[in-house]
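1. return atomic coordinates for the entry below.
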Amino acid sequence: MMLPLNDSCPVCGMQPEVEVVSVEHHKMYFYFCSEQCRETFIARPSLYVAKIGKQRDVILKRRTMYFSESLGAGVGDLLIPYLKDLMGVKEVTVEAEKIEISYDLLQVTERQIEKALEDVGVQLGGSWLERLRRGWVNDSEEIELDNLAEPPAPCCNRTLPKT
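-> Down below sits the predicted model:
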């Protein structure tokens, strides 16, 4: 059995779980606290490998998502703890026709939150404008994460040192 490289989850910093399958990246083994963190790491490992043992960044997002129909009484009270169990979700407010959620983009994306809502049977708004807005948010978050995962480009406007 391989010894873990990390004593904390590289995505969120929590204690790794034995049940969650490890990931090998450049001959290093990483262990995760949840399947969500494992999937997040697999999508962009370079974003998290450099952060091991260092202060973790937080990219806080606040989004409002609209439901296709008003939720029944008490559904919001059940939905809040379910969403707060997702890694990176900081704050959740549910009203009859919408949900406001704050989350750390480096741990969870709006697409993952939408999937969690679908898994419990909550339908998000289906109007073309709402679908367009969600698509734009999902794409912009993917682009932001891709840009963060890339190494810094060399600066081309500095003069070369004289030898």
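2. report pLDDT for Gly53.
-> Gly53 is assigned a pLDDT of 51 by the prediction.
3. and the one 5 residues further on, by the same measure?
-> In the predicted model, Val58 carries a pLDDT score of 87.
4. cool, and Gln36?
-> 88.
5. give me the element it is part of.
-> Counting by DSSP states H and E, the element that carries Gln36 is helix 35-43.
6. CA atoms of that helix as PDB?
-> Provided in PDB are the C-alpha atoms of helix 35-43 (Å, rounded to 0.1, in the frame of the first residue of the first chain):
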ATOM      1  CA  GLU A  35     -15.700  12.100  -4.200                       C
ATOM      2  CA  GLN A  36     -16.500  15.800  -5.000                       C
ATOM      3  CA  CYS A  37     -13.000  16.900  -4.100                       C
ATOM      4  CA  ARG A  38     -11.500  13.900  -6.100                       C
ATOM      5  CA  GLU A  39     -13.500  14.900  -9.200                       C
ATOM      6  CA  THR A  40     -12.500  18.600  -8.800                       C
ATOM      7  CA  PHE A  41      -8.800  17.600  -8.500                       C
ATOM      8  CA  ILE A  42      -9.000  15.300 -11.600                       C
ATOM      9  CA  ALA A  43     -10.400  18.200 -13.700                       C
END
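7. where's the closest residue to Lys84 other than its chain neighbours relative to Ile113, distance?
-> Nearest residue to Lys84, sequence neighbours excluded (CB to CB, 6 or more residues apart in numbering): Val92, at 5.9 Å. Using the backbone N, CA and C atoms, a C-beta is placed for each residue, glycine as well. Val92 sits 9 Å away from Ile113, going by CB to CB, to the nearest Å.
8. go on, Arg134?
-> 10 Å.
9. shared neighbours of these two, which are they?
-> Taking CB atoms under 8 Å, 6 or more residues apart in numbering as the contact rule, Arg134 and Ile113 both touch Met65.
10. give me the buried positions along the helix holding Gln36.
-> For helix 35-43, burial by neighbour count (16 or more other CB atoms under 10 Å) applies to Gln36, Cys37, Arg38, Thr40, Phe41.
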